[in-house]
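**Student:** this is a predicted model, with the sequence first.
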Amino acid sequence: MTFDLTTLPPSDRYKLLASLVTPRPIAWVTTVGSEGVVNAAPFSFFNVFGSNPPIVTFAPGNKDKHTPKDTARNIRETGEFVIHLIGEDLAQAMVNTSATLPHGESELAGLNLTTAPSKKISVPRIIEAPVALECTQHTTLEIGSNRLIIGVVHLIHAKDGLINEDLQLDPSLYHPIGRMASPDRYCRSSDQFEISSLD
């Protein structure tokens, strides 16, 4: 089977790419708009892309052809955001925050979640998440209708016990979920295995 992406509409390209390039980590992003409302939304076009400086990238789409999602709008206004990584226990809450709401309404309203101040930026973090990355915007690239936000990570919050004194992760305590086929397939990371490197 072959698919010529130059002849397919963007919605069909998304279905193919989002279903085949998996599993993808999920960035659960909090931002704050100029009105002071905390916004939360998940994005699976996301990853870490460097350590010097420590950078992450994610791609929030538009609400419609010309209107950026609140996450992108807020980052454009403030330059700050927090990326949370989540396990299965927070999966439903994460999905609930993907609902399209009018600008100025918080996706966290009504959810049994707690926010706490960040240490280096003004955007709060969700304390139930096992990992939170405090970030500032480095660059936002617009390529066609794609928006790629590149952020610098300034501080990492991790649940006690996840990382030992040698900065090694305890895999028995950290099981983030990943995004699989569009529109609503996910995977667990609790079944892991090791492959020894050649060197």
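**Tutor:** Received it, and whenever you're ready, just let me know what you need.

**Student:** just for this structure, where's the confidence low?
**Tutor:** Scanning the chain for pLDDT under 70 picks out no residues.

**Student:** and the helices in it, which stretches?
**Tutor:** Remark: helices assigned in the chain by DSSP state H are 10-20, 70-78, 91-96.

**Student:** would you mind finding the most buried of those helices?
**Tutor:** helix 70-78 (a mean of 21; mean count of other CB atoms under 10 Å). (C-beta placed from N, C-alpha, C; glycine too.)

**Student:** so what touches that helix?
**Tutor:** Applying CB atoms under 8 Å, 6 or more residues apart in numbering, the external contacts of helix 70-78 come out as 29, 31-34, 39, 41, 43, 60, 62, 68, 81, 103, 122-123, 137, 140, 147, 149.

**Student:** likewise stretch 122-134?
**Tutor:** Outside stretch 122-134, the residues within contact range by CB under 8 Å, 6+ apart are 28, 30-32, 38, 40, 56, 78, 80-87, 90, 108, 113-121, 153-159, 162, 174, 176.

**Student:** looking at the contacts of helix 70-78, which are in strands?
**Tutor:** 29, 31, 32, 39, 41, 43, 81, 137, 140, 147, 149 (DSSP state E).

**Student:** now, which of the contacts of stretch 122-134 lie within strands?
**Tutor:** Filtering those for strands - DSSP E - leaves 28, 30-32, 38, 40, 56, 80-85, 115-116, 153-158.

**Student:** from the contacts of helix 70-78, which would you call buried?
**Tutor:** For these, a burial check counting by 16 or more other CB atoms under 10 Å picks out 29, 31-33, 39, 41, 43, 60, 68, 81, 123, 140, 147, 149.

**Student:** what's the closest of the residues you listed to residue 99?
**Tutor:** Among these, residue 41 lies closest to residue 99 (CB to CB), at 9.1 Å.

**Student:** quick check: closest non-adjacent residue to that closest one.
**Tutor:** Counting by CB to CB, 6 or more residues apart in numbering, residue 41 lies nearest to residue 71, which is 5.0 Å off, once chain neighbours are set aside.

**Student:** circling back: can you list the helices of the chain in a markdown table and add distance to residue 198?
**Tutor:** Formatted as a markdown table, those follow (distance: least, CB to CB, whole Å):
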| stretch | distance to residue 198 |
| --- | --- |
| helix 10-20 | 28 |
| helix 70-78 | 41 |
| helix 91-96 | 36 |
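
**Student:** out of these, flag the one nearest residue 199.
**Tutor:** Closest to residue 199 of the helices of the chain, according to CB to CB: helix 10-20, at 30.7 Å.

**Student:** so what does that closest one touch, helix or strand wise?
**Tutor:** With contacts defined as 3 or more CB pairs under 8 Å, 6 or more residues apart in numbering; DSSP states H and E, helix 10-20 has no packing partner among the helices and strands.

**Student:** ok, residues contacting it?
**Tutor:** By CB under 8 Å, 6+ apart, the list of residues contacting helix 10-20 from outside reads 3, 5, 8, 44, 145, 179, 180, 181, 182, 185.
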